[in-house]
Structure formats: structure tokens, C-alpha cells
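Visitor: just to be clear, the model below is a prediction. Sequence and coordinates:
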Amino acid sequence: MNAYLNAYNNALLALYILWQQTAAFSIRIYIFLTFGIFFGFRGCLPVFSRCLWLRNDPAYAIIHPTKEVIRTYKVIVVDDEDSVRQGISRHIDWRGLGFEIVGDADNGADALELAESALPDLVITDIKMPYMDGLELTARLRAALPAVKVIIISGFDDFEYAKQAISLNIAEYVLKPVNVEELSDVLRRVRGEMEREEASIKDMEKLRAYYEKSLPTLREHFLASLLEGRVSDDRAGQLAATYGLTLTSRYHAAACVRFDRKTAVKDGGDELNRISIRQLIDEALGGGEIRGGIIAYSLIYADYVVAFAGFDDEALMNRLIVRMNEMCGMAEKYLDLVVSVGVGYAVGRLSEMNRSYRGALAALDYSMETGSCSAIYIADVEPDEKVDVSITPQDEQSLLSAIRLADPDAIAHVVNRLIGRLAESRVPYQKYQVYILEIFTALVHIARLNKIDADDMFGGQFDAARELNGIDSLRSLKERLTTLCVRVSGRIRRERQNTSNMLIESAKAYAAEHYRDPEFSVDSMCRDLHVSPAYFSTIFKRAQNTSFVNYLTSLRLAEAVRLLTETDYKTHHIANAVGFGDANYFSFVFKKRFGASPSKYRGRLGGDAHARG
């Protein structure tokens with residue numbers, strides 16, 4: 001009975017699917033009549049209803065599988081012969097193989113520029129090409145777009161070429177002539193490799209396992225960056241959440257631990273002692289869990305073991321000091337170590353942890369006076385230093401970035417933040433002056449980094465006393481600082497523009513002197529001009545609205561036209577005279593530009609002259 005029912009259901013499904021996939025009205029009528037003969041015309045509606053219900057049956061999935069969406073990879077074809085490029089583009093079933101051509105080029109330099117904008121997954125290139133050959137193109141692609149696969153199609157069955165190609169980690173090396181079947185097989189292999197690599201990258205379990213394995217190291221690097229003052233408050237909050245650290249307390253403080261051994265130990269003993277002290281700190285403070293209102297994390301940083309503590313009530317600073325004293329006793333008792341601890345100021349922002357860390361180090365300097373094996377709070381030995389304000393490396397970097405952007409809003413934002421910190425701190429007048437001098441010193445440093453005369457920036461020789469006397473309020477400080485920043489920004493912008501113009505003119509002069517050399521290349525020129533090819537190509541195209549390769553070609557062709565007009569040199573002589581080592585390639589480029597071969601172009605000029613005569 002079950003076998004009969006299964007056969008019955010499958011027959012229904014087969015007829016129903018045939019109905020679905022048939023567009024012709026006459027065939028659909030025939031199928032409907034078949035239903036009617038077998039089940040009666042009145043029974044057609046319930047039969048169709050049963051077919052709809054059977055769509056959920058596994059048999060339906062087997063007979064009528066769901067189409068899988070195929071990933072399409074982008075391809076660039078590079079060859080100096082039009083026939084080869086067109087043959088590859090037209091005769092391969094790209095869509096069926098899961099590829100699409102997004103562009104082509106007749107030389108390596110243009111191909112590199114195209115790749116930087118089109119971002120292909122695969123580049124198919126010849127080896128022997130003008131301006132930049134396929135091997136150099138592959139090397140440049142490896143640096144700019146390391147994920148791109150490269151297939152080299154070459155007419156050279158040469159071991160050296162193959163060896164260089166292998167060293168560049170190409171996907172395939174195919175010899176010309178290549179037929180459709182062979183290249184299709186190569187593309188299938190390359191696609192399979194690309195799919196396997198993507199599957200590996202998308203393996204979230206592996207990524208998660210790697211991330212979790214790296215998490216302790218990432219946390220330590222992040223905490224070290226906070227101690228160094230290299231992270232803003234906003235960024236610190238984001239990274240803390242990412243790394244699973246609870247750094248939301250109202251106050252934070254650093255405690256630095258230094259130890260002396262009572263007895264000598266073998267090599268590696270210092271590192272083991274630091275690890276042991278770190279474990280004692282975690283036991284005393286909770287190791288990332290709130291204990292007694294304090295949450296703390298530990299790390300080994302430089303020659304110290306550092307506790308990074310957070311608490312919401314400033315009175316809990318005393319509890320932190322007590323816990324660190326207890327840790328000193330345990331270190332002496334269990335590890336035979338004499339330990340000193342410096343505890344820094346409590347700060348209200350994570351970006352100020354560098355101040356707390358510096359305070360902790362300063363507190364350790366008093367261990368000779370207060371005795372070892374104890375915790376020393378910096379506020380107890382230097383109470384006047386509790387209120388402090390200073391320029392951090394991060395502040396200087398933010399100021400430099402705003403100035404280089406030449407964005408008045410960005411400059412105003414950084415300046416407002418620096419002035420706002422001074423307004424919030426309520427520091428004594430002496431520290432107020434020191435802070436102002438620190439700001440000016442940072443500006444002088446920025447000016448020197450960009451080769452700007454500091455005296456020119458300040459409108460005369462820098463005089464600290466004069467600058468301080470000219471500032472009588474936070475408003476005047478803000479105005480003076482904004483003026484200086486805008487001035488430096490303008491100088492940098494003009495210097496950058498002048499440098500770019502000088503570089504372009506130098507390149508044009510170099511090209512005018514060397515364009516007759518067939519070995520002339522962008523790389524060799526940039527090497528002599530002491531600039532990177534990528535940077536030069538970018539600024540040249542931005543300023544001239546054309547690539548340097550096109551400019552060089554125009555220069556050579558202009559001279560070729562002059563020689564065709566004024567001399568009776570043969571075509572191959574002219575090709576050599578203007579830097580084309582290959583006369584056939586010269587003729588190809590000439591015809592592409594002027595619509596006629598060099599000989600016909602000269603004949604046309606002669607005909608025009610005769611007509612005028």
C-alpha cells in the first residue's frame with residue numbers, strides 16, 4: 001500500500017512540475033486532459049491542491065531542485081595584440097564559467113591603473129608588452145592587490161620566464177597558442193582555487209578560534225596603548241567593548257610593581273617572577289571581576305607589572321592601596337621577593353591614564369625614602385601634582401592630522417578640545433603658562449616636520465615671553481592658536497602643491513631627454529627622481545588629466561610626425577629614433593593614434609603638399 005501511495009504521489013508531482021515548466025497553452029491543455037482522464041474533471045482541483053501540498057515532499061526537491069546562485073569573478077585581460085584580447089574575450093564562455101570581463105589593456109602600465117579602479121579577482125596577461133611587461137605587472141599587483149590571481153599566457157617556452165613567474169606565485173602559466181578548451185580548463189582550476197580560499201576565509205569557526213586565542217594579547221596591547229596615552233576616549237570605549245574589558249568606572253588608576261630578588265636565580269627567573277606577581281595581583285584585585293568595588297586588569301609592561309584599576313568612588317583609592325600592600329607581603333612570603341608598588345593619580349578619563357601611569361612611576365622613586373615592600377601613593381608624596389594638564393602625543397597627532405587635512409572645522413574641533421581641557425582643570429597660573437608653551441612647542445614640532453620655518457609661522461622670531469604676554473584669556477589663546485594652525489596648514493598645502501608641480505616639470509624634462517631610449521620606463525625615471533612610481537602616477541594624472549604612459553607616447557609620436565614630415569628616414573629608423581625598439585609595434589601605435597600607417601601618413605602629407613603647389 002505504501003509503495004502504491006509513493007508511486008501515486010510521484011506521478012502527481014511529475015505531471016504538476018511538467019505543468020509548471022510548460023509555457024505553451026496547447027500543451028497545458030493536454031496535461032489538464034490527462035488529469036481529467038485519470039482523476040475525473042471534477043477531481044482536478046483537489047488533485048492540484050494535493051500537488052501543492054506535495055511540494056514540501058523530499059521527492060519534489062529531487063525532481064525540481066532550487067537553483068544555486070553562482071558567484072561571478074571579475075577579470076581583466078592584458079595583451080598588446082588586439083586580436084589576442086578580442087579572441088580571449090569573445091570565444092570563452094565567461095558567464096558559464098562564473099567570470100565576467102570588466103576591462104582590458106594593451107600594456108602593463110594601463111592594466112595596473114585599471115586594476116586599481118576595477119579591483120579584479122583575476123588578471124590574464126601576456127609577458128612581452130611595452131612600458132611594463134607581464135612579470136613586472138604581476139609584481140606590482142602583488143604589492144597593491146595581493147588577493148588578485150594572475151594567469152600568464154606567454155609565447156616564450158623559457159625556463160627563466162617560468163621561474164620568475166613561479167616566484168611571483170601566479171595561478172597558472174600557459175603557453176601560446178592556447179585554445180578555448182585549454183583556457184577554459186585553466187579557468188575552472190583557478191575558480192576552484194578561488195572558491196576554496198573564500199571558503200577558508202569564511203570559516204567563522206576558525207576565525208573565532210584564532211580571535212579568542214589572540215584576545216589576551218590584543219587586550220594587553222590595548223591596555224599598554226592606554227598607559228602610553230595613544231587612544232582617545234571614544235576609541236577606548238569601543239575597543240574595551242570589543243575586547244570584553246569593563247572600563248566604564250568613573251575613576252581609573254595605574255599601579256606599577258617593581259621587585260628586587262633576595263637571592264640569585266637562574267636565567268629566565270625575572271620573567272617567571274613577573275608572571276608570579278601578576279597572579280598575586282589578580283588574586284588580590286579579582287583579575288577582571290569586581291571585588292570590593294574595584295575591578296582591575298593586570299599586564300606585564302616594560303620592566304614592570306601594572307595593575308589597571310577602576311572604581312566609581314574616589315574613596316576606594318585607599319582600598320586599592322591596602323590591597324597592593326597585601327600583595328607586597330604575599331610576594332615576600334611566598335616568592336622571596338622585595339616588592340615596591342607605585343600608585344598613580346585617580347583620573348576621570350581613559351585618555352588620561354598616561355598621567356596616572358607616570359604618577360605611579362614617579363611614586364616608585366620614593367621607595368628609598370619610605371622603604372621597600374610597600375605601596376606608595378603619588379598624591380601622598382607629591383600632593384601638588386594631583387592637578388595636572390599637559391599635551392599628550394595623541395593631542396599632537398590629532399593637531400597634525402587636522403592641519404594636514406586643511407579643514408577649518410577639524411582644526412577648530414581640536415583647538416576647542418585643548419582649550420576646554422585647560423578650562424576644566426582649573427590649574428594654577430604657572431601650569432597654565434606651561435600648558436600654553438607645550439601647545440606652541442607642539443606646533444613648532446609640526447612645522448619642522450613639514451620643513452616650515454617656525455619664525456615665519458609666528459610672524460617673526462619666536463619669543464616665548466612675548467607669546468605668553470599676548471594671551472590674557474582662554475578666548476585670546478583660542479584665537480591665537482587657531483590663527484597659527486590655519487597658517488601652518490596653508491604653508492603645508494602650498495608646499496605640497498609646489499612640490500607636486502616641480503616633480504611633474506622634472507618628469508617632463510626627464511622624458512624630453514630620455515624618450516629616445518627604448519629602455520626608458522616610469523620605474524627608471526622615478527628611481528632617478530627619488531619618488532615612488534605609484535605616488536608619481538597618481539599626482540601626474542591628477543594634474544595632467546592623462547597617464548604618464550600616454551604623455552610619453554604622445555611625445556614620441558609628435559617627434560615621429562616631425563621626422564616623417566622633414567626627413568626621408570625609413571619607418572624602422574624613425575621607430576628607433578623616437579624610442580620604439582620594435583618597428584611593427586611603432587606602426588601599430590602610430591596607426592591607432594592617426595588612423596594611418598607611417599608610410600601612408602607621409603604619402604598623404606606629400607599629396608597635400610603637391611596639391612598646394
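Guide: Received the coordinates, thanks. Numbering: from 1, shown residues only.
Visitor: after the helix or strand bottoming out on mean pLDDT in the chain comes which helix or strand?
Guide: Taking mean pLDDT, DSSP states H and E as the measure, the chain has helix 58-63 as its least confident helix or strand, at a mean of 43. Using DSSP states H and E, the next helix or strand after helix 58-63 towards the C-terminus is strand 73-78.
Visitor: can you point out the buried residues in the helix or strand following that following strand?
Guide: Downstream of strand 73-78, the next assigned helix or strand under DSSP H and E is helix 82-91. For helix 82-91, the neighbour count (16 or more other C-beta atoms under 10 Å) marks 84, 85, 87, 88 as buried. Just so you know, the C-beta spots here come from the backbone N, C-alpha and C atoms, and that holds for glycine as well.
Visitor: how about those residues, which pair is most distant?
Guide: The span of those, defined through C-beta to C-beta, is set by 85 and 87 at 7.3 Å.
Visitor: retrieve the pLDDT associated with residue 468.
Guide: As predicted, residue 468 sits at a pLDDT of 69.
Visitor: typo on my end, it should be residue 310
Guide: For residue 310, the model assigns a pLDDT of 93.
Visitor: do the same with residue 78
Guide: Per-residue confidence (pLDDT) for residue 78: 94.
Visitor: next one: the one 3 residues further on
Guide: For residue 81, the pLDDT comes out at 88.
Visitor: check residue 554 too.
Guide: 92.
Visitor: which element is it on?
Guide: With DSSP H and E as the criterion, residue 554 is inside helix 548-566.
Visitor: residues in contact with that helix?
Guide: Outside helix 548-566, the residues that touch it by C-beta atoms under 8 Å, 6 or more residues apart in numbering are 107, 109-110, 131, 507-508, 511-512, 515, 520, 522, 536-537, 540-541, 544, 569, 574-575, 577-580, 586, 589-590, 593-594, 598, 601-602, 605.
Visitor: from these, which would you call buried?
Guide: Burial by neighbour count, judged by 16+ other C-beta under 10 Å, picks out 107, 109-110, 131, 507-508, 511, 515, 520, 522, 536-537, 540-541, 569, 574-575, 578-580, 586, 589-590, 598, 601-602 from the contacts of helix 548-566.
Visitor: quick one: the lengthiest helix in the chain to chain centroid distance?
Guide: If you go by DSSP state H, the chain has its longest helix at helix 474-514. Taking C-alpha atoms, centre = their mean, to the nearest Å, the mean C-alpha location of helix 474-514 is offset from the chain mean by 26 Å.
Visitor: now the element after that helix, going C-ward?
Guide: helix 522-529.
Visitor: elements contacting the longest strand seen in the chain?
Guide: In the chain, taking DSSP state E as the definition, the longest strand is strand 251-261. With contacts taken as 3 or more C-beta pairs under 8 Å, 6 or more residues apart in numbering; DSSP states H and E, strand 251-261 sits against helix 269-285, strand 304-311, helix 317-335, strand 337-343, helix 353-364.
Visitor: mind redoing it with 6 Å?
Guide: strand 304-311, strand 337-343, helix 353-364 (3 or more C-beta pairs under 6 Å, 6 or more residues apart in numbering; DSSP states H and E).
Visitor: would you check how far apart residue 121 and residue 191 are?
Guide: 9 Å (C-beta to C-beta, to the nearest Å).
Visitor: next: residue 535.
Guide: Counting by C-beta to C-beta, the gap from residue 535 to residue 191 is 35 Å.
Visitor: those two: which has the busier surroundings?
Guide: Between residue 535 and residue 191, residue 191 has the larger neighbour count (other C-beta atoms under 10 Å), namely 19 against 12.
Visitor: and for the nearest residue to the more buried one once chain neighbours are set aside, the neighbour number?
Guide: Among residues not flanking residue 191 along the chain, residue 98 sits closest, at 5.6 Å (C-beta to C-beta, 6 or more residues apart in numbering). A count of nearby residues for residue 98, using other C-beta under 10 Å, gives 16.
Visitor: for residue 98, what are its contacts?
Guide: 70, 72, 191 (C-beta atoms under 6 Å, 6 or more residues apart in numbering).
Visitor: adding distance to residue 144 and pLDDT, write these out as CSV.
Guide: Below are the contacts of residue 98 laid out as CSV (distance: C-beta to C-beta, whole Å; pLDDT from 0 to 100):
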residue, distance to residue 144, pLDDT
70, 28, 70
72, 22, 92
191, 22, 94
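Visitor: appreciated, that's everything.
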